[in-house]
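Chemist: generate coordinates for the sequence data below:
(chains A, B and C)
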Amino acid sequence: MRAPAGVRDFDPADMTIRVGAGTPVAELDAALAEAGQRANLPLTPGATVGGVLAVGRDDLHALGRGRLRDALLEAVFVADDGQVVTAGGPTVKNVSGFDLCRAMVGSLGTLGLVGEVILRTWPRPPVQQWLAGPCDPRELRRRLYWPSSILWDGQTAWIHLEGHASDVESEADLAQSLGCEPTEGPPTLPPHRVPVGALEAGGFSGRYLVQIGTGSAFVSEPIPVPTPDRAVVALHERLKAEFDPRGRLNPGRDPLAAT
Amino acid sequence: MKFRKADPLVEDLRRVLPLDRIRVAPLERSLMGRDASIFEGGQAGPVCFPIDTGEVQGCVDTARRHGRAVVPRGAGTGLAGGAVPLEEPVVVVTTKMNRLLSVDADSRVAWVQPGMINLDLSRATAPYGLHFAPDPSSQQVCSLGGNVGTNAGGPHCLAHGVTSAHVLAVEVVLMSGEAVVLGDPDGWAPGMDLRGAYVGSEGMMGITTAIAVRLTPDPPAVQTLLLAFDSVDAAAQTVSAVIADGIVPAAIEMMDNNIIRAVEAYVGAGFPTDAAAVVIVEVDGLPGGVAEEADRVVELATARGASVRRAVDEQERALLWKGRKSAFGAIARIKPNYYLHDTVVPRTRLAEVMNRVYEIVEEHDLQVMNVFHAGDGNLHPMLLFDRREPGIMPRVHAAGAAIIEASLAVGGVLSGEHGIGMEKRDFMPLMFSEADLDAQARLRRAFDPGGMANPSKVLPTGASCADVNALDKVPDGVWG
Amino acid sequence: MSPKATLGNDREGSRSRPTLGIDTEELASCVSCGLCLPHCPTFRVTGEEWASPRGRISAMREVQDNGAAVDAAFLSSMDSCVQCRGCEPACPSGVPFGSMMEATQAELARRRRFDWRRWGFRVLGHSWLLNLMSRMLAVAQRLRLVPSKRLGLPPIPLAQGRLRATGDDVWLFTGCVMDAWQRSTHAAVKRVVEAAGAGVALPGTGAGCCGALSLHAGLEDHARSLAVRTMKALEGSAPILVDSAGCGAALKEYGKHLGTPEAAAFSERVLDVNEWLAAQADRLPAGGERGQDITVAVHDPCHLRHVQRAHQPVADVLSRYATVVALDDEGLCCGAGGAYAAMQPDLAASIRDRKLEAIKRSGADIVVSANPGCTIHLANAGVTVRHPLEIVDEAIDHDG
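Modeler: So this is what the prediction gives:
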C-alpha cells in the first residue's frame, strides 16, 4: 500500500510542516530548503518520510541536531480496524494525552499505516564544514561546543560543524589545532548497523565506523547484537496485540529484530 | 477508612518497608490529597517512602495483591492534578529516592533517582560544565521523576527540546511488579520508542525508579534581553517575527503588565512596571551567532516599538530569570487562588489568541495574568480569583473552557507541558476523536493491563466521552 | 465509573471560630505552589510533606478550617518546625509563615498542661538566677555530672569578666544566655564598636532576655512582659546594637508584636551590630597583615538572613579583615533554632549534617556565625565556630 505524497501545509513562520507519509525525503528537503529550513530526517536516497520514521534510524548528524524520534509531532494513521487515528498534535510542544506517535517511530508499520505526519523544522545553518584527521574523538567532543557529528573508524575521526560563519571558523580552528584538516565529506558508511556495545565486545572483522554519542556503529560484516530484555520484548508483544490483534499490519516483521 | 494496626494492607506493606517510611495517620494522608493544582481533598491510602527500586517493587506487589491502585508522587508541584489520589490508593512518594547514581561527563549521561530535584542535578553537574536543559519554573523543587511523568518543559526548551528529548532511558516498575529499562543510555534502542511513549504518561504506565538523562554543555556565550512594549500585540508580533526570521533563541518568555507588577514587588529586578508587556529573549551558543542573533532580535523588537535592556552580567541575568520563574507563586499578592491554563497555539497565531484571551476574561468579568513560553506558542493564561467569593467558580470554568476552545480553534493543543491529569481530562474529546482516545487507551493497556497505575487521569471515562461539548457538565466539585 | 468528585473544599460555608487563632487572610494566602519546599531544612532532610511549610499550612487549614483534630501527627508537624523562616523569602506570594506558626504555637501552648518551657524560660528573664544556675552548671560540667554533648551544651565558663560602659553613642544589647555563657564575645564586639569611634552603653539587668524563645514556644504573655522590660532598660534614642541574630530579630519585631507606637519606634532603633559597622565603613580601622591568610566561611543565621534580611553586612565588614567564602547551600538553616536542637535532636543533627557538608565543600579554615545558637550547635559537631567580630577584633591593631 502507498501512502499519500506531497506537502500539505507549510507556513515557514510556524516552523512545522504537514506532509503525506509517501513524500520522498528529498522532496521534503527541497521544499524546506526554499524557506531556509530543514527537518531532522535522514536523507536516505529513494526513501519516503513515512519509511524513515517507520525504520527509526537516526540521521548521521543526530549528535548535534537531535534524534529522529524528536522530529515527529503528529502522525495520522489507519488502525487495524480501518479507523483513522491521530496521535500527537500539530504544535512544537504538546503533552495532550499519551505520546503515542513516539511509539510509531521504529515500529516498522506494525501498529498502523501512517498516512500523514507533522514534523518540526529548524533553521538551516548558513555554513557547514567537514574535517577529518587522526584525533581522539572523545577529545573532540570535550573541546568543541556543539559538533553535529563525530565519526571514528579507530584511527581517523571525522567531524561536522555547522552554524554561523565566524563560529564554524573558530571551531574549525580548534579542530585543526587538535589534528583535523578540512575534508569533502564523511566516509562511506559500512552497511550494517550495530550497537557500540557489540563492537566493544570484539569478535568482529572488517571495517567499522562509530557514530559518537548515539550508541551505534556501522560495520562491514554483520555481527550478533545483544538480545533485547525479556520485559521489553513482552511490551512490544502486548502493544502489537493491542493495536493489531489479527496480525494484519506488516505481518512477520519484528521491529526489535531490525537494526 | 481507619488504619488500625491490623489493617492487612498496611501489615503487608510493613513487610517491605520499615515502619517509619509508611505514613497512615489521617493528617499525613490528607497532606497527600493535593499537589500544586486547583484540586483539593484527594484521598490517599497508606503513604510509602521507598528508597530504591526493590522497595518500589515491594509496594507495587503488595498493592496489587490487595487490589489497590498505586499513585506515584514526587515533589507535588504538578499543576494538572496528576498526583492527586482518588479512592485511597497506595501513594508511592519518591522524595527519598533523590540520589545522583552516576555521571559520565565524557558521554554526557547521568543516571538519577526519580526524587532528585531538577535544579540539584544541574548543580551537581556544574563542575563538568554540563546541565540538564529542561528547566520548569518550579525547577528548584520539582523532581526529575515528575518531569518524566509530565514530559515537562520550561523556558529553555525552545531550542533544546522538552524532557523527552533529554531522557535516554528510564527504569520503570510496571504494575506487575516487574522492573524494565526502556531506551538505552548510550542511545541504542531498537524497536519502537517505548521510552518516548512512557515519558509524559503521568504515572499511568508504571513508576519511574531511575532515569538516564542527557546532559547539555553550558553555552560559551549567553545574551539575555529584556524587551518592553507598549502593547501586548506588539510583543506578540515581535515573538512571531523572531521565529519567522529563522532564529531559534534559547528562550523567549513573555509577561503582561499584571504579572510584571506582581513579580517586581517580589524580586525588584527592575522590570518596567509601566510596560504593557515584556519579552525576555535569551540567545546562547558560540559568541559569533549569539552576537548576530541578539542584534537581529533587538532590530526586530525596536522596529515594533520596544525599549531594550541587555543583562550586563550573570547576576542581572539570574535576577531576570528569578522574576520570570517565581511568577506563578507571586500571584497570591493579588488573589488567593489561580487557575492556570497551558494551551499551545501555532506561533503565527499568538497575537490573535492573546487578544481573544483578554476578550474572554472581560466577558466573564475576571482578572487574568499572562506569563508564558511565547517562543513555543505555549500560553499560560492565569485566571485569578478568590474562591470564597460567591458565584465565582462557574465564571472561572466558563472562561477557562472558552480559552481552551479558542486555542483549539486555531489549531492548538490542550496542554504544552503541565499535562492533562484531572484538570483537562474531560476536555480531551475536544481535541481527540473517540478512535484517537481509544488508541491512547490501548497504549496504556499494553503497559498496565489492569489499569492500576494512577487510575482515572488523562483519559476521559466512557460516560464523559460522549459529552463532547458539554463543558458545564464537568462533575460537581471537580473544579474545586 | 467516574471518580468520586469530592475535591475542593467549599470554604464559603466554613466561617467558624478560627480554632488555631490564625488570621484567616494569612491562612488563605498560600497557593500551594511548593516553591518553599527546598528552602525548608526539615523538608530537605525528610522529603515528607508534613515537615514542609506547605504541608504545615495545609495541616493548619485542616484544623482551623476543616475541624480536624489536634492529634499527634499535627503536633509533630508543628513542633518539628525550626522556625528558621527560610520559607518566607522563598515565597513569591509573601505568605507570613512565621506569624502563622507563632499563632499556632501560642494555641498549642495554651492546650499543653505541662510544658517545662513555661517554667524553664522564666529563668532567662532573671539574670541573677541564670548566672547562678550557669555557675552551678559549669561546676557540674567540670565534675562530669552532665552529659553536655547530648544536651547540646557548650563548655560554660566558671567566671566571666565584667563589661564596663564607655559612653552613650550606642547601646549594646547583651541578652541572657549569651551574656551568661559567652560574655567574651560581647567584649570583643564592644572593642570593635569602640574602635569605630563610638562609646558603648550597657543595659542594666532589666534587659535580660529578649523573649524570642518564649515566643517561639507559644508563651506569648511571658514574651510580652520581657519585651516591656527590655524596652525600658534601653531608653533614649541611641541605636541599639545586637550581636545575636536571634535576639536582634526579636527586638526588631517588638513593634509588630506589641502593636504600640513606642514599640515600633524602639524596633526602628535596633540594628545588627554588623549592619551598624558596615554603615561606618570609613571609620573602621585597618586590619593587620595576617588576617587575610585565614579563609572564613560565613554561616548566615536564619534570623539574620531570613527574618532581618541583613546578612550581607557580616561579609562586608569581615572581608576587610579576612578572606571570606560564602556557603553554597542558599542559607539553609543549621538546625540550631534556639531551643530546637534540644527539643528535636535527631532532626537537628540531620539538618546540621547538610550544613557540615557545605562547610567542608567551602574549604574554609573556620566558620563564623553571628548567632550564639548556631555557634553552640555547630561547635558540638566538632567545627570551629566563632562570632565574626571576634575575628575582626583579633585582626584590628587596638594599640595602633
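
Chemist: how many neighbours does residue A:245 have?
Modeler: The tally of other residues near residue A:245 (other Cβ atoms under 10 Å in any protein chain shown) stands at 11. The C-beta positions use only the backbone N, C-alpha and C, and glycine is treated the same way.

Chemist: report pLDDT for residue 106.
Modeler: No chain in the question, so chain A it is. Here, the pLDDT recorded for residue A:106 equals 95.

Chemist: ah, I was thinking of chain C
Modeler: Reported pLDDT for residue C:106: 88.

Chemist: so which bits of the helix or strand containing it are buried?
Modeler: For residue C:106, the element it lies in under DSSP states H and E is helix C:97-111. For helix C:97-111, burial by neighbour count (16 or more other Cβ atoms under 10 Å in any protein chain shown) applies to C:97-109.

Chemist: now do stretch A:196-205
Modeler: For stretch A:196-205, using 16+ other Cβ under 10 Å, the buried residues are A:196, A:198, A:199, A:204.

Chemist: for stretch C:314-333, same thing?
Modeler: C:314-318, C:320-322, C:324-327, C:329, C:331-333.

Chemist: which ones among the residues you listed lie within strands?
Modeler: C:324, C:325, C:326 (DSSP state E).

Chemist: of the residues you listed, closest to residue A:44?
Modeler: When those are ranked by distance to residue A:44 (Cβ to Cβ), residue C:326 comes first, at 54.6 Å.

Chemist: domain parsing for chain C?
Modeler: Domain assignment for chain C by automatic domain parsing gives C:17-111, C:122-277, C:284-395.

Chemist: compare these and give me the one nearest residue B:237.
Modeler: Short answer: domain C:17-111, nearest of the domains of chain C by Cβ to Cβ, at 29.3 Å.

Chemist: quick check, that closest one touching chain B?
Modeler: Yes: under the criterion of Cβ under 8 Å from any Cβ of the partner chain, chain B is reached by domain C:17-111 at C:28-35, C:37-38, C:47-50, C:54-55, C:58-59, C:62, C:68, C:71-74, C:77, C:91-95.

Chemist: same question for stretch A:200-212.
Modeler: No: shown here: stretch A:200-212 not in contact with chain B (Cβ under 8 Å from any Cβ), separated by at least 8.8 Å.

Chemist: how far away from the center of its chain is that stretch?
Modeler: Taking Cα atoms, centre = their mean, to the nearest Å, one finds the center of stretch A:200-212 at 20 Å from the center of the full chain.

Chemist: and what of stretch A:100-116?
Modeler: Distance, centroid of stretch A:100-116 to centroid of chain: 15 Å (Cα atoms, centre = their mean).

Chemist: quick revisit: filter the ones in strands among the buried residues of stretch C:314-333 by proximity to chain B?
Modeler: Okay, of these, nothing touches chain B (Cβ under 8 Å from any Cβ).

Chemist: what's the local residue count around the residue lying closest to residue C:98 once chain neighbours are set aside?
Modeler: Nearest non-adjacent residue to residue C:98, counting by Cβ to Cβ, 6 or more residues apart in numbering or on different chains: residue C:85, 4.7 Å away. Residues lying near residue C:85 (other Cβ under 10 Å) number 24.

Chemist: and residue C:85, how far is that from residue C:353?
Modeler: 21 Å (Cβ to Cβ, to the nearest Å).

Chemist: now do residue A:92
Modeler: 44 Å.

Chemist: before we move on, what about residue C:158?
Modeler: 32 Å.

Chemist: could you pull out the helices for the stretch 1-150 of chain A?
Modeler: A:25-34, A:49-55, A:62-65, A:100-104, A:137-143 (DSSP state H, counting those that start in this stretch).

Chemist: deepest-packed of those helices, please.
Modeler: Highest mean neighbour count among the helices of the stretch 1-150 of chain A (mean count of other Cβ atoms under 10 Å in any protein chain shown): helix A:100-104, with a mean of 27.

Chemist: on that earlier part again, which of the domains of chain C comes out lowest on mean pLDDT?
Modeler: When I compare those, domain C:122-277 is least confident, with a mean of 85.

Chemist: how far off centre is it?
Modeler: Centre-to-centre, domain C:122-277 and its host chain are 12 Å apart (Cα atoms, centre = their mean).

Chemist: leaving out the residues flanking it, which one is nearest to the closest residue to chain C within chain A?
Modeler: Residue of chain A nearest chain C, by Cβ to the nearest Cβ: residue A:97 (17.9 Å). In this structure, residue A:97 finds its nearest non-sequential neighbour in residue B:440, 5.1 Å apart by Cβ to Cβ, 6+ apart.

Chemist: over to the one you found: give its phi and psi.
Modeler: phi -70, psi -40 (degrees, to the nearest 10).

Chemist: count of neighbours near it?
Modeler: Burial of residue B:440 is recorded as 22 neighbouring residues (other Cβ under 10 Å).

Chemist: tell me the contacts of it?
Modeler: When contacts are counted by Cβ atoms under 8 Å, 6 or more residues apart in numbering or on different chains, residue B:440 touches A:87, A:97, A:98, A:100, B:432, B:458, B:459.

Chemist: ramachandran coordinates for residue C:197?
Modeler: phi 100, psi 20.

Chemist: help me confirm that it comes into contact with residue C:283.
Modeler: Yes: the pair residue C:197 and residue C:283 qualifies as a contact (Cβ atoms under 8 Å) at a distance of 5.1 Å.

Chemist: residue A:92 and residue C:353: which is more packed in?
Modeler: Higher neighbour count among residue A:92 and residue C:353: residue A:92, with 26 against 12, using other Cβ under 10 Å.

Chemist: wouldn't residue B:169 be in contact with residue B:195 here?
Modeler: Yes: using Cβ under 8 Å, residue B:169 makes contact with residue B:195 at a distance of 6.3 Å.

Chemist: mutual contacts of the two, please.
Modeler: B:182, B:183, B:189.

Chemist: tally of neighbours for the second one?
Modeler: I take that to be residue B:183. Residue B:183: 23 neighbours (other Cβ under 10 Å).

Chemist: specify which member of the contacts of residue B:440 is nearest to residue B:312.
Modeler: Distances from residue B:312 to the contacts of residue B:440, taken by Cβ to Cβ, are shortest for residue A:97, at 43.8 Å.

Chemist: which stretches of the stretch 51-200 of chain B form helices?
Modeler: For the stretch 51-200 of chain B, applying DSSP H, counting those that start in this stretch gives helices covering B:53-65, B:118-125, B:144-150, B:157-160, B:194-198.

Chemist: could you export those helices as a markdown table, including mean neighbour count and mean pLDDT?
Modeler: Shown next, in a markdown table, are the helices of the stretch 51-200 of chain B (neighbours: other Cβ atoms under 10 Å in any protein chain shown; pLDDT from 0 to 100):
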| stretch | mean neighbour count | mean pLDDT |
| --- | --- | --- |
| helix B:53-65 | 21 | 98 |
| helix B:118-125 | 20 | 96 |
| helix B:144-150 | 30 | 98 |
| helix B:157-160 | 23 | 92 |
| helix B:194-198 | 27 | 97 |
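
Chemist: next, format the ones you listed as TSV and append distance to chain A.
Modeler: Listed next are the helices of the stretch 51-200 of chain B as TSV, based on distance: least, Cβ to the nearest Cβ, whole Å:
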stretch	distance to chain A
helix B:53-65	12
helix B:118-125	14
helix B:144-150	6
helix B:157-160	7
helix B:194-198	3
